[in-house]
Every structure is written in structure tokens, then in C-alpha cells.
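Asker: Next come a sequence and a model predicted from it.
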Amino acid sequence: MSAQRDMKEKNPWHTPVTIIFSVIGVIAIVALVTVAVLQNRPLPQKYKYGIVLDAGSSHTALYIYEWPAEKDNNTGRVEQTLSCKVDGPGISSYASAPWKAGKSLTKCLEQARQKVPVKRHSETPLYLGATAGMRLLNLEDSSASTKVFQAVEEALQKFPFSFQGARILSGQEEGAFGWVTVNYLDDRLEQNLQTRGALDLGGASTQISFVSDNFDGSDSPDNAVAFRLYGNDYNLYTHSFLCYGKDQALRKTLAQQTKSGPGTILDPCFHPGYTETKNYSVLYDSPCVSDRKPQGAPATFNHTGKGNFSRCQEVVKRIFNFTECKYSQCSFNEVFQPRLQGPFGAFSAYYFVMNFLNLTDTSIPLEVVTERLSRYCATPWNQVKEQHPGVKLKYLAEYCFSGTYIVTLLTKGYNFTSENYPNIKFIKKIKGSDAGWTLGYMLNLTNMIPAEAPDSPPLPYAGYVSIVTVIALLLFVLFIFSLRPLWPRCSKHPQII
Ligand SMILES: Nc1nc2c(ncn2[C@@H]2O[C@H](COP(=O)(O)OP(=O)(O)OP(=O)(O)O)[C@@H](O)[C@H]2O)c(=O)[nH]1
Ligand SMILES: [Ca+2]
């Protein structure tokens, strides 16, 4: 017993100096690791915001985007946090009462005022971009278009955001920014992955944009948009077909059938049993068809459905010109188009229509798509209405035409075949943000996509913390070993002094 007590008394670990050193050592290491972790811990997120109004031909929508305040430059970080559909038609429909165009926007802007924190209001950029509806109004009556913009600007300036202007986007911009949106949200740009082409079907125009190896812009400079994003160069092919959005295409198809101004048209693109009296002046009230207005036609015509897909496709085909092409290859209307390449994302009306028809799954062969469309178009109008009681009648009446138009545009217009049709994905949103030109437009105007790849820290955060912890532990072990001379000399058989 006394021997054991002796050993205890002589144990140098129990001397005050070593105890103090050890405690200080442990505290220092804990402090080192804590400071390293705290200093580099991601801070509680603060967000910045941007607002874009998409003033389309059929309606206006407001989108709010948010991104972490500290890191503007990272891809995939800007997200849509609110979308608001403006009540009523597109701003171009207010040509005769422009103030109403401004007023129509206020409800969604009020929502934006609530959504964006007050202290961020004045620094939040607000953009309005108008597309094909205003392009057409501008062609038809440029002073009316100016007045609509004045009214809209006045309304937007009343809100506390940083208003950056309202303007008409060119067709190239609309196509190219749709492509940027899709590829940004898919993280394909920063990671330099194969890009996805963008197919946008609006009410008054439609866009196709993609990167193709055999396109450098020299064949057709008007269709070329060059981007340098994250250190990579892209030669984008893009084309916007004015008057080939689904509403204007429907007018063109009806105009094909009313050339002689008949009192009744038997339309294969509408369901059997559908019949409506329509005004010639309303049908031809668009620069897309106004020059074709039949002379001496009655005021109205009887629009009667016949429900026949293949005959509908024949009429739809007639709104395209496939005969002339001065380039190596064309889509239609003498427009150059390089060879289709890569996957495609098809959004807006492509999605609305194909989703309604249960045809968004592109593994369904094209032949089956046409079979199903044939069956759908042949369904009597009364039965269609019964099967879809909640659907707006205007939309419901047009799905047969719209589905036929989409299939015809894709296959006869853009030359998709049974082989590459499955490369198309019908999409509405990507990771919570709507597919469309607005996000790409904002990213471009706020310089949020850098031309060069941003420098990233050599180690990710988790790796950094692990390395600091391992080094600290090593230092601790070394420290303990440095105290070795003070260690008790233990042997298997302690000698009794
Ligand atoms: N079925 C259906 N159609 C819709 C819906 N929303 C819009 N549409 C129609 O789809 C077409 C395209 O809509 P958008 O993409 O909003 O077109 P837009 O932006 O107004 O027109 P552009 O200026 O040509 O781009 C129009 O004919 C709309 O009336 C919807 O929820 N369901
Ligand atoms: Ca649109």
C-alpha cells in the first residue's frame, strides 16, 4: 500500500506545472478549431432580389428572383421565389386604352412589394420586357405602342423598386435568353456540359435556339448569338418566327380556310359538334393575316368542327413555306437552320398543350402521338366538355388544333424525326423556376453570369475544417510527446524503493 502511495506521489502528471500546461494546451486546441470553424461557417443567408415582367402577347407575368447577397456569381444560385399572373390580356391588347395596361400590373406589383423585404426595395432592379404582341402592335401602329409603354412605365415608377426600363425584346434576345435560362437552371453552363436547346411556343411567336457543331454564324449571321459564359464560348443558333405562336398560327390556319370569305367553314382542327359564330373583322385583326382578308366577305362566319387530325395537319402545313431555301438547309419560310443537335427543352404552350393531351412523355413514339391526336380530335365536342368540366372553354376548344400544330411545327417545320423526337423534354419548371426568357434576361442585365470561370477556394468548406481538426489533433499529440521526460517511468514490476 505504501509503495503504491509512493508511486502516486511521485507521478509527475500530477504536478501543478504539467496540469496547467495540459489544460492550456487543450484549451488552445479547442479554441483553434472553434475559431477556424466559426470564422468559415456559412453566414445566415441574406438575399438580393430582381423582378422581371414578361409582357407576352396573351398575358403578362411577374417573376421575382432571389439569390444570396454575398455570392452573386455562382451558377444555379438564382431562384424564382414568386410568380404572379397579371389578370386580363397582354399589354398590347390595351392599345385603345393604354392607361388600363398600366393599371393591370399593379396587383402583381403590390404582391412584389410585400414579398421583397422593405430594406431591399430601392436596390431591387425591375425590368419589363415585351415580346411578340408588342412587336406586332409596333408594326401596326407604332404610336399606340409608344403610348402603351408610357402608361406601363408610369405605373411601374410608382413602386419603390429600381425601375430599369420597359422595352420590346428582339426575337433573337427572346430565343437566346430562353436558352440561357434553361441551361443555367440545369447547371450546364458552369460545368461546361452539353447544352440543351430551347423551344418556346408563345401566343404570337415561337423560338428555337440550340448549339450545333456545324453552325458558326457565317451561314446566317442574323441567327447567331455569341456568348462567353464561365470561360466557355457558345455560338448559339436562334430564330424567332413572328406570327407562328399558337394563337397567330390558328388565325393563319383559319385564314387559309376562309380565303373566299364563306359563310361557313368546316374546320378539321376543331371537334365534331363544335360550332360558333365568329367575326371576320376579329379574325383578320392582326398584321399576321390582315393582308389576306377576303374582299366582300360577310360580317360573320360559322365555325364548325369536323375533327380530323390528318386533314387538320394538311391545312396547318399550308401556313408554312417549305419550297424555297437559299441556304444548305432550312426550317421553313426560307429560314436557315443547322442540323438539330443535342437534347431540347420545350416550354410555355408546348408544355400546356402536351400536358393536357397526356403527351409530355417523349418515349411515346411519334406514330402513337399522331394516333392519339387523331382519336382526340375525332372526339365529339360535347363529350370533350363533359370529360373536362373545369377547363376554360377557349383553351379546351383549341387543344386539337394546338396539338396538331405542335407536331407539325416540330416535325415538318424544324425537322424532328422519330429518332430525335425523344430528345425533346416538355418542361414547365426547372428546380422551381419557370422555363422562359425572363431569368436569362435578368442574369444578363445584372452581369450575374461572369465571362470567365470564377476562382474557387482550393478546398471545400468541409475539407478545410477536417484538415484544421486533424492538424490540431496532431499538434496535441506532439505536445503530449514533448512532455515525455516528465512521464512516469512505468515498468511491469515497479520497484519498491
Ligand atoms: N392551355 C393553356 N394554355 C395557356 C395557359 N397559359 C397560357 N396559355 C396559352 O398558351 C399560349 C402561349 O402562352 P404564353 O407562353 O404565355 O405566350 P405569350 O408569352 O403571351 O406570347 P408571346 O408574346 O408570343 O411569347 C397562349 O395561346 C396562351 O393563351 C395555360 O395555363 N393553359
Ligand atoms: Ca412568351
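Answerer: Nice, I can see it. Ligands and ions are numbered 1, 2, ... in the order given.

Asker: Counting neighbours, what do you get for Thr404?
Answerer: Residues lying near Thr404 (other Cβ atoms under 10 Å) number 29. In short, each C-beta sits where N, CA and C put it, glycine included.

Asker: For this structure, name the helix or strand with the lowest mean pLDDT.
Answerer: Lowest by mean pLDDT, DSSP states H and E among the helices and strands of the chain is helix 2-10, with a mean of 51.

Asker: Just give the closest residue to Gly296, not the sequence neighbours.
Answerer: Closest residue to Gly296 apart from its sequence neighbours, by Cβ to Cβ, 6 or more residues apart in numbering: Gly261 at 6.3 Å.

Asker: Around ligand 2, pick out the residues from the stretch 351-497 of the chain.
Answerer: Not one residue of the stretch 351-497 of the chain sits near ligand 2, judged by Cβ under 5 Å from the ion.

Asker: For the residue in the stretch 51-200 of the chain that ligand 2 sits nearest to, give me its contacts.
Answerer: The nearest approach of the stretch 51-200 of the chain to ligand 2 comes at Gly56, 4.0 Å away (Cβ to the ion). By Cβ atoms under 8 Å, 6 or more residues apart in numbering, Gly56 lies in contact with 90, 130-133, 202-204.

Asker: Distance-wise, check it relative to Gly90.
Answerer: According to Cβ to Cβ, to the nearest Å, Gly56 and Gly90 sit 5 Å apart.

Asker: next one: Tyr274
Answerer: Separation of Tyr274 from Gly90 (Cβ to Cβ): 25 Å.

Asker: These two: which has the busier surroundings?
Answerer: Neighbour totals were compared for Tyr274 and Gly90, and Gly90 leads with 26 against 21 (other Cβ under 10 Å).

Asker: what's near enough to touch the nearest residue to Leu410 once chain neighbours are set aside?
Answerer: Spatial nearest neighbour of Leu410, excluding adjacent residues (Cβ to Cβ, 6+ apart): Phe416 at 4.6 Å. Listed by Cβ under 8 Å, 6+ apart, the contact partners of Phe416 are 340, 410, 424.

Asker: The second one: neighbour count?
Answerer: This points to Leu410. By other Cβ under 10 Å, 23 other residues sit near Leu410.

Asker: hang on, isn't it packed against Pro422?
Answerer: No. Counting by Cβ atoms under 8 Å, Leu410 stays clear of Pro422, with 12.0 Å between them.

Asker: How is Ala226 assigned, secondary-structure-wise?
Answerer: Assigned by DSSP: H, G, I helix; E, B strand; the rest coil, the conformation of Ala226 is strand.

Asker: That one reaches Asn235, doesn't it?
Answerer: Yes. Counting by Cβ under 8 Å, Asn235 is a contact partner of Ala226 at 5.8 Å.

Asker: Between those two, which has more neighbouring residues?
Answerer: Neighbour tally, Ala226 and Asn235, criterion other Cβ under 10 Å: the higher count belongs to Asn235, 16 against 11.

Asker: Number of residues surrounding whichever residue of the stretch 151-300 of the chain sits closest to ligand 2?
Answerer: Nearest residue of the stretch 151-300 of the chain to ligand 2: Gly202, at 3.6 Å (Cβ to the ion). Number of residues near Gly202 (other Cβ under 10 Å) recorded here: 26.

Asker: Grab the nearest non-local neighbour of it.
Answerer: Leaving aside its sequence neighbours, Gly202 sits nearest to Gly245 (Cβ to Cβ, 6+ apart; 4.2 Å).

Asker: Look up phi and psi at the residue of the stretch 1-150 of the chain found nearest ligand 1.
Answerer: The minimum distance from the stretch 1-150 of the chain to ligand 1, using Cβ to the nearest ligand atom, falls at Gly56 (2.2 Å). The phi/psi pair for Gly56 (degrees, to the nearest 10) reads phi -80, psi 180.

Asker: who in the protein is up against ligand 1?
Answerer: With Cβ under 6 Å from any ligand atom as the criterion, the chain meets ligand 1 at residues 56-59, 90, 131-133, 202-205, 245-247, 348-349, 352, 356, 395.

Asker: So which of those residues are in strands?
Answerer: 205, 348 (DSSP state E).

Asker: Narrow the residues of the chain next to ligand 1 to those that are buried.
Answerer: Among the residues of the chain next to ligand 1, those classed as buried by 16 or more other Cβ atoms under 10 Å are 56-59, 90, 131-133, 202-205, 245-247, 348-349, 352, 356.

Asker: Okay, and which of these map to helices?
Answerer: Counted as lying in helices by DSSP state H, out of these, are 132-133, 246-247, 349, 352, 356.

Asker: tell me the domain ranges of the protein?
Answerer: In terms of domains, the chain is parsed into 2-41+459-492, 44-168, 172-445 (source: automatic domain parsing).

Asker: Just put the ones you listed in JSON lines and tack on distance to Glu452.
Answerer: Output for these, formatted as JSON lines (distance: least, Cβ to Cβ, whole Å):
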{"stretch": "domain 2-41+459-492", "distance to Glu452": "21"}
{"stretch": "domain 44-168", "distance to Glu452": "10"}
{"stretch": "domain 172-445", "distance to Glu452": "5"}
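
Asker: and these, which one's lowest on average pLDDT?
Answerer: The minimum mean pLDDT among the domains of the chain belongs to domain 2-41+459-492 (a mean of 68).

Asker: give the contact list for the one residue in the stretch 201-350 of the chain that gets nearest to ligand 1.
Answerer: When scored by Cβ to the nearest ligand atom, the stretch 201-350 of the chain has Gly202 as its residue closest to ligand 1, at 2.2 Å. Going by Cβ under 8 Å, 6+ apart, Gly202 touches 56-58, 131-132, 245-246, 348-349.

Asker: Make JSON lines out of those and add distance to Val86.
Answerer: JSON lines is the format used below for the contacts of Gly202 (distance: Cβ to Cβ, whole Å):
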{"residue": "Gly56", "distance to Val86": "10"}
{"residue": "Ser57", "distance to Val86": "13"}
{"residue": "Ser58", "distance to Val86": "11"}
{"residue": "Thr131", "distance to Val86": "14"}
{"residue": "Ala132", "distance to Val86": "17"}
{"residue": "Gly245", "distance to Val86": "18"}
{"residue": "Lys246", "distance to Val86": "19"}
{"residue": "Ser348", "distance to Val86": "16"}
{"residue": "Ala349", "distance to Val86": "18"}
